[in-house]
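In: When you get a sec, could you give me coordinates for this:
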Amino acid sequence: MYNYRELIVWQKSMDLVELVYKVTATFPDEKKYGLTRQIRRSTVSIPSNIAEGTGRNSKKVFRNFLEISNGSINELKTQLEISKRLGFTSKNELETILNLCDEVQKMTFTLIKKYTNP
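Out: The predicted structure follows:
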């Protein structure tokens, strides 16, 4: 269907992964196997599902993987809010990441609409 590396939504979601890994590297050591791991897993899931969906030979299946990716974005946003409440991320860090999340999510919604049958 697509070369996923050419999709801007995949590229932006990869930028999100990098940013999240940098921010979570500053989390307390005792959170590395809990919240840090969960945040990173959610983030990696976003471009991974986009890539996996492009490898399928069906627009409907691709749309489903985009929907899973959107679910991962919402999961990530929630986990980041938790990290902010616990004092692990600053307001500025959170805003930067959430803005990128919103950007990626808008792109996935656009693709989902494109591949939704009327």
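In: C-alpha only now, for contacts and for neighbours.
Out: OK.
In: what ranges of this structure fall below the confidence cut-off?
Out: 1, 31-32, 118 (pLDDT under 70).
In: What segments of it are helices?
Out: 8-24, 35-54, 59-85, 91-114 (DSSP state H).
In: Run a quick check on Lys60 versus Tyr115, I expect a contact.
Out: Yes: with contact defined as C-alpha atoms under 8 Å, Lys60 reaches Tyr115; the gap is 6.6 Å.
In: Nearest the middle, which residue of the protein would you pick?
Out: Geometric centre of the chain, nearest residue: Ile46, 3.9 Å, by C-alpha atoms, centre = their mean.
In: Return the distance of it relative to Thr89.
Out: 21 Å (C-alpha to C-alpha, to the nearest Å).
In: Same question for Glu103.
Out: 20 Å.
In: For the residue nearest to the centre of the chain, give me its contacts.
Out: Contacts for Ile46 (C-alpha atoms under 8 Å, 6 or more residues apart in numbering) come out as Ser13, Ile68, Ser69, Asn70, Ser72, Ile73.
In: Recalculate using a threshold of 7 Å.
Out: Ser13, Ser69, Ser72, Ile73 (C-alpha atoms under 7 Å, 6 or more residues apart in numbering).
In: quick one: Ile79 and Ile39 touch, right?
Out: One thing to correct before we go on: residue 79 is Gln, not Ile. Yes: between Gln79 and Ile39 there is a contact under C-alpha atoms under 7 Å: 6.2 Å.
In: So between these two, which is more surrounded?
Out: For Gln79 versus Ile39, neighbours defined as other C-alpha atoms under 10 Å are more numerous around Ile39 (24 against 18).
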